[in-house]
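Asks: Prediction below, plus the sequence it came from.
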Amino acid sequence: MTHELWYTHPADTDWTRALPLGCGRLGAMLFGNVAEERLALNEDSLWCGGPRDRVNPDALAALPEIRRLLFAGRLADAHALTVDAISGIPDSQRHYEPLGDLLVTFPAGELEEYRRSLDLDDAIAHIAYTQGGVHYTREVLASEPDQAIAMRLTADQAGSIAFRVRLQRGPLDSYSSRYADTVRPEDGCGLVMTGAAGGEHGVRFAACLRVTVDGGTVRTLGDTVIVEGADDATLLLTAATSYRESDPAGYARSRAIQAAERGWEAIRADHLREYRAYFDRVSLTLGGDPALDALPTDARLACVQAGAADPGLDALYFHYGRYLLIASSRPGSLPANLQGVWNDSFTPSWGSKYTVNINTEMNYWPAEVCNLPELTGPLFALLDGLRVTGRLVAREMYGCRGFVCHHNTDIWHDCCPTDRNLSASFWPMGAAWLSLHLWEHFAYTGDRDFLAQAYPTLREAALFFLDFLTPDPRGRLVTAPTCSPENVYVLPNGEQGTLCAGASMDNQLLDMLFRACRDAATVLGIDDPDGAAFEAARCRLPQPGIGKAGQLMEWPDDFDEVEPGHRHVSHLFGLYPGDLIAPDTTPELAQAARVTLERRLAHGGGHTGWSRAWIINFWARLRDAGQAYAHLQALLAKSTLPNLFDDHPPFQIDGNFGGTAGIAEMLLQSRPGEVRLLPTLPAAWPTGSVRSLCARGGFTLDFAWANSTLTTVTVTSRLGTPCILRHADREVALTLAPGASITLDGTLT
């Protein structure tokens with residue numbers, strides 16, 4: 001079955017209709033225009049400005065007073081002192097910038113039979129149309145082996161290819177004209193664009209274009225490459241920055257020359273081989289309506305917006321999320337940022353940074369379950385960098401060992417509070433949450449060598465909190481100052497607050513972090529000198545509380561919230577992605593989580609794309625198929641753009657990844673020693689099949705169902721660990737040899 005986004009018209013100037021291509025380091029948005037094609041280009045390390053030490057020198061001295069004010073209920077005074085003494089100096093981090101545009105102008109003519117598509121199976125975009133009796137095609141791909149964006153132009157009549165191509169970066173940034181780009185001809189068949197990003201010490205960049213043709217002529221005139229009378233043509237775009245390369249222009253030129261010498265067929269073949277090694281691992285079919293399957297993607301989306309169920313589009317959305325992760329996070333690239341790798345603004349929303357109080361973590365939720373564990377490598381490399389800078393911040397701001405990161409970071413691993421936002425900035429849990437992805441990777445892969453390398457990071461993240469935690473008036477150990485991202489509470493006297501001591505999310509994160517350190521040390525046979533202290537601190541954390549409305553409490557006291565429909569539901573971390581709350585092990589807390597969701601939604605919650613995606617996963621863990629599917633439909637109907645990008649608004653990619661993870665969670669759930677099949681199967685998917693989803697404990701599973709009942713399952717164990725396989729009210733205990741498989745029928749026999 002082909003997995004394809006397709007349309008009957010160009011994107012024109014609408015970036016949210018363009019099609020994304022990427023190979024981790026390079027990204028492009030293809031508009032598919034006929035008269036002037038545009039590829040909006042990105043390079044993942046092109047960021048405004050360089051590294052800075054932003055530690056506020058007054059933070060450490062002010063910390064005891066901030067805590068005293070919080071425990072005394074003097075919120076306004078605590079807020080004022082925190083903003084002045086804890087905020088980074090200056091108060092903002094660096095942000096992501098676009099590389100520029102590749103613009104291809106074609107002769108005018110009357111357009112017929114237009115089709116634009118993105119084939120997810122091949123990661124190749126196609127443009128096809130007839131003009132003046134000639135049928136033209138374009139194929140565009142982003143090649144990881146060649147580190148190039150490649151476009152192939154062909155026609156069904158010889159000598160019909162003619163165009164003019166330019167590179168430009170767009171408007172100058174606001175800092176100085178010295179950061180402007182320069183475009184120069186290159187060897188008579190190409191262009192080189194060089195310049196620097198904005199801000200002090202902004203990275204230098206270079207983009208190189210080479211054009212090759214069969215038949216006809218190619219020449220440069222000023223900053224334009226002109227092709228006339230060709231049978232076919234290939235455009236190759238390479239790029240680099242000083243973040244990785246001392247000579248970006250030299251690197252980009254050499255890559256472009258090598259790619260041109262290899263030629264289109266070799267580039268395409270190696271691209272397919274490399275990409276398919278990731279994408280082909282998993283398959284999913286959910287049935288569907290042939291009439292809907294035959295519609296263009298934007299028309300299918302419109303049908304869902306009108307209330308139709310479209311299982312085929314649900315499956316396409318799942319595969320699109322896998323595609324986007326492969327396209328924006330590869331070994332050696334930077335991790336997927338707030339927009340993956342795709343950004344067309346010099347001042348993007350939220351800086352298109354790494355927001356680590358949910359968004360960056362959500363980007364990687366599909367990686368392990370969807371059999372893409374290598375793609376977490378860039379996230380772990382980011383964590384390695386945070387560990388270095390975060391030690392300095394921990395020591396100088398808080399007088400603590402270990403390392404800390406607040407709610408945002410950038411390409412330079414900035415760990416200081418940013419943006420002076422009381423409801424978000426002064427949250428010290430970013431490194432803790434990111435570090436748990438290390439344990440999650442081990443839980444799925446069982447890779448002891450990886451765990452041995454990861455353990456020092458887990459340990460340092462926990463060590464910070466061993467020093468940072470402070471006793472509250474009831475003797476519990478709490479984080480202070482902190483917040484519950486990004487919510488506001490109301491005291492009984494009517495005063496509103498953001499900063500607090502011991503937000504529920506923090507306690508849940510630390511429970512899991514301390515346990516991960518304990519369990520990792522056990523696996524590795526390490527007698528950690530701080531192990532007993534970690535466990536003692538864990539036992540003194542506040543436990544999840546149930547409030548007066550039956551909801552899970554978000555703060556250490558049962559406060560009301562200013563915005564009952566707030567987009568963050570951080571205090572349900574223990575339900576998902578955490579493992580502290582589940583219907584069968586903690587039924588009272590699971591019921592409180594349900595009440596929390598119902599109250600949030602009754603007041604308009606889930607109104608941003610990523611929030612809706614998180615809600616899908618919550619309902620999946622509560623095994624409420626109707627609610628989980630309703631919110632998947634809402635994600636598509638209310639928070640999905642024409643090119644299926646997630647809409648916050650504006651575009652954020654985390655909702656795509658969270659939605660993909662939510663679909664997987666509806667079909668498969670696991671914890672060490674247990675795998676559940678079809679735990680949250682909606683009525684809209686009565687028939688379907690899955691191949692090679694992964695479960696904790698080192699299992700891959702292929703299974704199919706009909707009439708909403710499991711028909712067959714094949715379990716493969718990579719590690720030989722025992723597990724209980726469950727479906728509905730049936731279960732079977734399995735212990736397979738490493739590498740062995742077993743196939744069972746729907747009764748698990």
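Replies: Yep, it's here. Numbers count the residues shown, from 1 in each chain.

Asks: where in this protein is pLDDT low?
Replies: Confidence mapping of the chain against pLDDT under 70 gives the ranges 1, 171-180.

Asks: Kindly recompute the last result at 90.
Replies: Per-residue confidence for the chain (pLDDT under 90) gives these ranges: 1-2, 109-111, 170-189, 198-202, 288.

Asks: Next, the contact list for the residue positioned nearest the centre of it, please.
Replies: Computing the C-alpha centroid of the chain and ranking residues by Cα atoms, centre = their mean puts residue 363 first, at 2.0 Å. The contact partners of residue 363, taken as Cβ atoms under 8 Å, 6 or more residues apart in numbering, are 325, 329, 335-336, 340, 379, 653-654, 657. All C-beta spots, glycine's among them, are computed from the backbone N, C-alpha and C.

Asks: From those residues, pick the one nearest residue 628.
Replies: Using Cβ to Cβ, the shortest approach to residue 628 within those belongs to residue 657, at 16.6 Å.

Asks: wouldn't residue 222 be in contact with residue 185 here?
Replies: Yes - assessed by Cβ atoms under 8 Å, residue 222 is found in contact with residue 185 at 7.5 Å.

Asks: Neighbour count: these two, which is higher?
Replies: Higher neighbour count among residue 222 and residue 185: residue 185, with 16 against 11, using other Cβ atoms under 10 Å.

Asks: Surely the more buried one is in contact with residue 219?
Replies: No - under the contact definition of Cβ under 8 Å, residue 185 does not touch residue 219, with a separation of 9.2 Å.

Asks: hey, what's in contact with both of the two?
Replies: Residues touching both residue 185 and residue 219 by Cβ under 8 Å, 6+ apart: residue 225.

Asks: and residue 208, what helix or strand is that in?
Replies: With the criterion set as DSSP states H and E, the secondary-structure element containing residue 208 is strand 204-214.

Asks: quick one: the host helix or strand of residue 637 to chain centroid distance?
Replies: When secondary structure is defined using DSSP H and E, the element that contains residue 637 is helix 625-638. Distance of helix 625-638 from its chain centroid, counting by Cα atoms, centre = their mean, to the nearest Å, is 20 Å.

Asks: In that helix, which residues are buried?
Replies: Across helix 625-638, burial judged by 16 or more other Cβ atoms under 10 Å covers 625, 627-638.

Asks: between those residues, which is closest to residue 530?
Replies: For these, the minimum distance to residue 530 (Cβ to Cβ) is 40.0 Å, reached by residue 628.

Asks: Not counting its neighbours along the chain, what's nearest that closest one?
Replies: Leaving aside its chain neighbours, residue 628 sits nearest to residue 619 (3.9 Å; criterion: Cβ to Cβ, 6 or more residues apart in numbering).

Asks: these two touch, right, that neighbour and residue 631?
Replies: Yes - contact criterion Cβ under 8 Å: residue 619 and residue 631 qualify, at 6.3 Å.

Asks: tell me, what's touching the two both at once?
Replies: With contacts taken as Cβ under 8 Å, 6+ apart, residue 619 and residue 631 have no neighbour in common.

Asks: Next one: residue 216 from residue 460, what distance?
Replies: Residue 216 sits at a distance of 61 Å from residue 460 (criterion: Cβ to Cβ, to the nearest Å).

Asks: From the neighbour counts alone, determine which of the two ranks first.
Replies: A direct count of neighbours by other Cβ under 10 Å for residue 216 and residue 460 places residue 460 higher, at 20 against 17.

Asks: so what secondary structure elements neighbour the host helix or strand of the residue nearest to residue 628?
Replies: According to DSSP H and E, residue 619 maps onto helix 609-621. Helices and strands touching helix 609-621, as assessed by 3 or more Cβ pairs under 8 Å, 6 or more residues apart in numbering; DSSP states H and E, comprise helix 359-363, helix 587-602, helix 625-638, helix 654-667.

Asks: Could you save those as CSV and add columns showing distance to residue 281?
Replies: Below are these laid out as CSV (distance: least, Cβ to Cβ, whole Å):
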stretch, distance to residue 281
helix 359-363, 19
helix 587-602, 32
helix 625-638, 23
helix 654-667, 13
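
Asks: All the strands of the stretch 251-400 of the chain, residue numbers only.
Replies: Ranges of strands within the stretch 251-400 of the chain are 283-285, 354-355, based on DSSP state E, counting those that start in this stretch.

Asks: Just say which of those is most tucked in.
Replies: Ranked by mean neighbour count under mean count of other Cβ atoms under 10 Å, those are led by strand 354-355, which reaches a mean of 28.

Asks: now what about that one, what contacts it?
Replies: Outside of strand 354-355, the residues within contact range by Cβ under 8 Å, 6+ apart are 335, 337-338, 360, 382, 407-410.

Asks: again, only this time at 10 Å
Replies: Defining contact as Cβ atoms under 10 Å, 6 or more residues apart in numbering, one finds that strand 354-355 is touched by 93, 96, 334-338, 360-363, 379, 382, 386, 405, 407-411, 413-414, 418, 424, 430, 434, 485, 610, 652, 654.

Asks: so what strands line up beside it?
Replies: Pairing partners of strand 354-355, with direction, according to DSSP bridges: strand 408-409 (antiparallel).

Asks: Buried ones in the next helix or strand after the partner strand, by neighbour count?
Replies: Once the chain leaves strand 408-409, the next helix or strand it forms, by DSSP H and E, is helix 430-445. Burial within helix 430-445, assessed by neighbour count using 16+ other Cβ under 10 Å, is assigned to 430-445.

Asks: Can you list the buried residues in stretch 40-55?
Replies: Going through stretch 40-55 with 16+ other Cβ under 10 Å, the ones that come out buried are 40-50, 52, 54-55.

Asks: CSV please, covering these and showing secondary structure.
Replies: CSV is the format used below for the buried residues of stretch 40-55 (DSSP: H, G, I helix; E, B strand; the rest coil):
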residue, secondary structure
40, strand
41, strand
42, strand
43, strand
44, coil
45, coil
46, coil
47, strand
48, coil
49, coil
50, coil
52, coil
54, coil
55, coil
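
Asks: quick one: which of these is nearest residue 71?
Replies: Distances from residue 71 to the buried residues of stretch 40-55, taken as Cβ to Cβ, are shortest for residue 55 (25.1 Å).

Asks: in terms of contact, does the closest one touch residue 397 like I think?
Replies: Yes - in this structure residue 55 lies within contact range of residue 397 using Cβ atoms under 10 Å: 5.8 Å.

Asks: Give the intersection of the neighbour lists for the two.
Replies: With contacts taken as Cβ under 10 Å, 6+ apart, the residues that reach both residue 55 and residue 397 are 88, 415-417.

Asks: Buried ones among the residues you listed?
Replies: So, of the shared contacts of residue 55 and residue 397, 88, 415-417 end up buried under the neighbour-count rule (16+ other Cβ under 10 Å).

Asks: ok so, going back, list the residues that contact both of residue 222 and residue 185?
Replies: Here residue 222 and residue 185 have residue 191 as joint contacts, going by Cβ under 10 Å, 6+ apart.

Asks: What residues of stretch 472-481 count as buried?
Replies: Going by 16+ other Cβ under 10 Å, stretch 472-481 has these buried residues: 472, 476-481.

Asks: Of all pairs in the residues you listed, which one spans the longest distance?
Replies: Checking the buried residues of stretch 472-481 against each other with Cβ to Cβ, the farthest-apart pair comes out as 476 and 481, at 15.8 Å.

Asks: C-alpha coordinates for stretch 630-648, CSV please?
Replies: Extracted C-alpha coordinates of stretch 630-648, given in CSV (Å, rounded to 0.1, in the frame of the first residue of the first chain):
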residue,chain,number,x,y,z
ALA,A,630,-12.4,11.4,19.7
HIS,A,631,-9.3,13.4,20.5
LEU,A,632,-7.4,11.9,17.6
GLN,A,633,-10.2,13.1,15.4
ALA,A,634,-10.1,16.5,17.1
LEU,A,635,-6.4,16.7,16.5
LEU,A,636,-6.9,16.2,12.8
ALA,A,637,-10.0,18.4,12.6
LYS,A,638,-8.9,21.3,14.7
SER,A,639,-5.1,21.3,14.9
THR,A,640,-3.8,20.0,11.6
LEU,A,641,-2.7,22.1,8.6
PRO,A,642,-3.3,21.3,4.9
ASN,A,643,0.1,19.6,4.7
LEU,A,644,-0.7,17.6,7.9
PHE,A,645,1.7,19.6,10.0
ASP,A,646,0.5,20.2,13.6
ASP,A,647,-0.9,23.6,14.4
HIS,A,648,-0.3,25.0,17.8
